[in-house]
Each structure stands twice: as structure tokens, then as C-alpha cells.
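Peer 1: Give me a 3D structure for the following:
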Amino acid sequence: QIHARLFDNKEPKDGTAGTRIAAAALTSIPEVLLIMPLEVSKVLLTTDVTNKYSNSMIRAIKATPLTKQLTGYVGVQYRQMSWGCAYFATIGPWRDAVNSLMGEDEANGKKMVKNLLSGFAAGVTGACLNTPGDTIRSVVMKQNLVNGVQTNFMATGRSIIKEKGVGSLYSGFGAKAA
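Peer 2: Numbering: from 1, shown residues only. Next up, the predicted model:
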């Protein structure tokens, strides 16, 4: 485990919010590098109205120049890192809050319910932080991969806010939080 290797063999549950955030941030880097081809092909396949890729992820990836394979990396990195950091920083406090509401008793399936509730709350916290970046990422990837318009993460975010307001950055939040 990354957390244990970085922080004196401490398990994540024994670390601080800061150490859990650091471990989550570091582990998100290889995670994002591995999922980038999936992200790129997802955009290409969902916008392929001419059936250019015959609904094949492999065809979409092979047809995409290497220079475009990391299109949207900043947005995907933001999405993964912000969710992971928020989740692992808040799971402990959410667990404490659930325990204070439900008591320390863990008999009769109570432990499972408490874990479910605290995990859900930490996941929603992560979605609160990562949804704006994911919305921006989606627009950047579509503009760059589909429309051939080169743009960057921050400029696109400012443009979305200017045209549609801050609330539009939370497009899809309900589905992500659920």
C-alpha cells in the first residue's frame, strides 16, 4: 500500500487526513495514465455519428494519433485526484458522525449500515469536489477530439462559467452522487 510505504508503515485508517490526501493524490497519477485510452475512446465513441469506429474501442484508440491520447489529462487527473482526496480525507469524520448518530453498537448488521452510510457520505463529498472538473474535462475533450478546437482546462472552465454560470459546472452531479 502506498500509504504504508510513505508513512512509517501506518495503515490509512491510522494516518491523518493529510497523509491520506497525499497517498490518494500520488496513487491517482498511474490510475489516470491507465484510464486515459478509455476516456479518449469513450468521447470518440459517444460522438461517432458516422460509425467511423464501428462501435469499437480498439478502433477508436488505434485511429487516434499518439499526440491526442492524453487529451484531457488535466481534467481526468483533477477528477480522480479530487474525488480520492476528498473521500479519504472525510471518511473518518463521516464515520465518527454516523457513530454518534447510531451509537457504538455494531451488532445485527449495524456495522455494515454504518460503513455504507459513512462511505456514501464521503463519496458524495468527493463528487461535490470533482464534478466541476469532470464537466470541464468533458467539454475540453469533445472540443479537442471531435471538433479539433484546441483549448485548455482553465480557459474552458472560465468560458463555461461566463456563458452558463457556476451552477452549470455541476451538470451530472445527481448521477455521480448516487
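Peer 1: pretty sure Met57 is in contact with Leu45, am I right?
Peer 2: Yes - here Met57 reaches Leu45: they are 6.6 Å apart, a contact under CB atoms under 8 Å. Bear in mind the C-beta positions are built from the backbone N, C-alpha and C, glycine included.
Peer 1: ok, the closest residue in space to Glu106 that isn't next to it in sequence - contacts?
Peer 2: The shortest distance from Glu106 to any non-neighbouring residue, by CB to CB, 6 or more residues apart in numbering, is to Lys114 (7.1 Å). Residues near Lys114 by CB atoms under 8 Å, 6 or more residues apart in numbering: 95, 98-99, 102, 106.
Peer 1: What distance do you get for Lys114 to Glu163?
Peer 2: With distances taken as CB to CB, to the nearest Å, Lys114 is found 43 Å from Glu163.
Peer 1: Run the chain-centre distance for the biggest helix by length in the chain.
Peer 2: Counting residues, the longest helix found in the chain (DSSP state H) is helix 110-141. Helix 110-141 has its C-alpha centroid displaced from the chain centroid by 8 Å (CA atoms, centre = their mean, to the nearest Å).
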